[in-house]
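In: With the input below, show me the fold.
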Amino acid sequence: MSSWTSNTVDANGITLHYWRTGGDKPPLVLCHGITDNGLCWTRAARVLEAHFDVIMLDARGHGESSKPASGYTSDVHAADLAAFIEALDLDKPALMGHSMGAATVSTMAYQRPDLTRRIVLEDPPWRIQTPEEVAAGAAGLAAWRDNLAADQKLTRAEIIANGKRARPTWADEEFEAWAQAKQQVSLNVFGYRTAPTAGWQTIAAGLHVPTLLVTADPELDAIVNAEAAALAAQNPNITVVHIPGAGHNIRREQFAAFMDAVSAFLAA
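Out: Sure, this is the predicted structure:
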């Protein structure tokens with residue numbers, strides 16, 4: 001990590017910050033989930049940097065990127081990502097995203113397939129929901145915002161200690177960047193709307209680049225369920241890999257299995 005570089009670029013009307021491992025290797029852009037930052041990919045990046053120039057992007061409102069009052073939708077995040085790729089003059093990088101970042105990656109790949117060669121989606125917000133589930137999700141997001149506002153009054157050590165108690169399956173090395181991200185993030189990000197204009201079913205059916213969809217266990221709070229995975233798998237460009245024993249944070253809860261699946265897919 002000592003050789004990684006930190007930089008910014010102007011893209012889509014804002015300033016985006018990123019970390020980069022560097023080297024004359026194929027580029028791989030990583031997009032984090034809501035309230036995380038680029039360095040939340042550190043553990044994975046340490047593995048992937050042997051074969052890729054890994055670029056860990058801070059999304060708008062997160063990390064050291066600009067924190068505008070608005071623009072927190074999958075479509076705007078996708079436009080940010082497209083502009084970021086073009087600003088860095090990256091040659092069809094592979095893309096990997098988690099949760100909100102997976103929505104960003106899939107939306108951009110659907111809208112601009114010319115900008116990427118293959119994508120990995122870690123538990124994207126792909127699920128058929130009833131109106132009641134949609135309402136419950138909105139209420140949950142509001143409660144999350146209130147909890148984060150309280151957390152931002154704590155020290156980083158206190159955030160880490162609370163995180164470790166709540167997430168006993170995570171490796172210790174996950175928590176420093178995770179806690180830092182909670183201190184950095186703007187509460188504006190909770191205006192986020194996961195639904196892109198096209199709708200996730202349309203995007204899943206319309207992806208023309210090789211795609212790895214990594215799913216886990218809904219009973220452990222993973223989002224993508226069997227019904228959504230089956231719908232996605234109707235697209236021959238999508239490969240679905242289910243990793244049991246993990247919830248929404250698949251790579252943090254089943255790191256070895258996640259990295260095996262991702263490494264094999266990216267090497268193809």
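In: got the residue ranges for the helices in this protein?
Out: 42-48, 74-87, 100-111, 131-151, 156-166, 175-184, 200-206, 226-233, 250-253, 255-267 (DSSP state H).
In: for those helices, which one sits closest to Asp24?
Out: Among the helices of the chain, helix 42-48 comes nearest to Asp24, with 15.2 Å by Cβ to Cβ. Backbone N, C-alpha and C define where each C-beta goes, glycine included.
In: Report the buried residues of that closest one.
Out: Using 16 or more other Cβ atoms under 10 Å as the test for burial, helix 42-48 gives 42-45, 48.
In: Output the contacting helices and strands for that helix.
Out: Contacts defined by 3 or more Cβ pairs under 8 Å, 6 or more residues apart in numbering; DSSP states H and E place helix 42-48 against strand 27-31, strand 53-57, helix 255-267.
In: picking up where we left off before, ok, which of the helices of the chain comes nearest Asp36?
Out: Judged by Cβ to Cβ, the one of the helices of the chain that comes nearest to Asp36 is helix 175-184, at 4.9 Å.
In: Between helix 131-151 and the closest one, find me the angle.
Out: If you take axes from the mean of the first three to the mean of the last three Cα atoms, to 10 degrees, helix 175-184 sits at 90 degrees to helix 131-151.
In: picking that back up, so which of the buried residues of helix 42-48 is the closest to Ile223?
Out: The shortest approach to Ile223 among the buried residues of helix 42-48 belongs to Ala44, at 19.3 Å (Cβ to Cβ).
In: For the closest one, give me its contacts.
Out: 30, 251, 255, 258-259, 262 (Cβ atoms under 8 Å, 6 or more residues apart in numbering).
In: which one of these has the most neighbours?
Out: Leu30 (28 neighbours; other Cβ atoms under 10 Å).
In: Name the helix or strand of this protein that has the lowest mean pLDDT.
Out: helix 131-151 (a mean of 89; mean pLDDT, DSSP states H and E).
In: Relative to Ala94, which of the buried residues of helix 42-48 is nearest.
Out: Ranked by distance to Ala94 (Cβ to Cβ), the buried residues of helix 42-48 are led by Leu48 at 9.6 Å.
In: which ones are touching that closest one?
Out: Residues in contact with Leu48 (Cβ under 8 Å, 6+ apart) are 28, 54, 262-263, 266.
In: who wins for proximity to Pro124 among the helices of the chain?
Out: helix 100-111 (3.5 Å).
In: then the closest one to PDB, C-alphas only?
Out: What follows is helix 100-111, C-alpha atoms only, in PDB (Å, rounded to 0.1, in the frame of the first residue of the first chain):
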ATOM      1  CA  MET A 100     -24.600   1.000  -4.600                       C
ATOM      2  CA  GLY A 101     -21.300   0.600  -6.500                       C
ATOM      3  CA  ALA A 102     -22.700  -2.500  -8.200                       C
ATOM      4  CA  ALA A 103     -25.700  -0.500  -9.300                       C
ATOM      5  CA  THR A 104     -23.400   2.200 -10.600                       C
ATOM      6  CA  VAL A 105     -21.300  -0.300 -12.500                       C
ATOM      7  CA  SER A 106     -24.200  -2.200 -14.000                       C
ATOM      8  CA  THR A 107     -26.000   1.000 -15.000                       C
ATOM      9  CA  MET A 108     -22.900   2.400 -16.700                       C
ATOM     10  CA  ALA A 109     -22.100  -0.800 -18.500                       C
ATOM     11  CA  TYR A 110     -25.700  -0.900 -19.800                       C
ATOM     12  CA  GLN A 111     -25.600   2.700 -20.900                       C
END
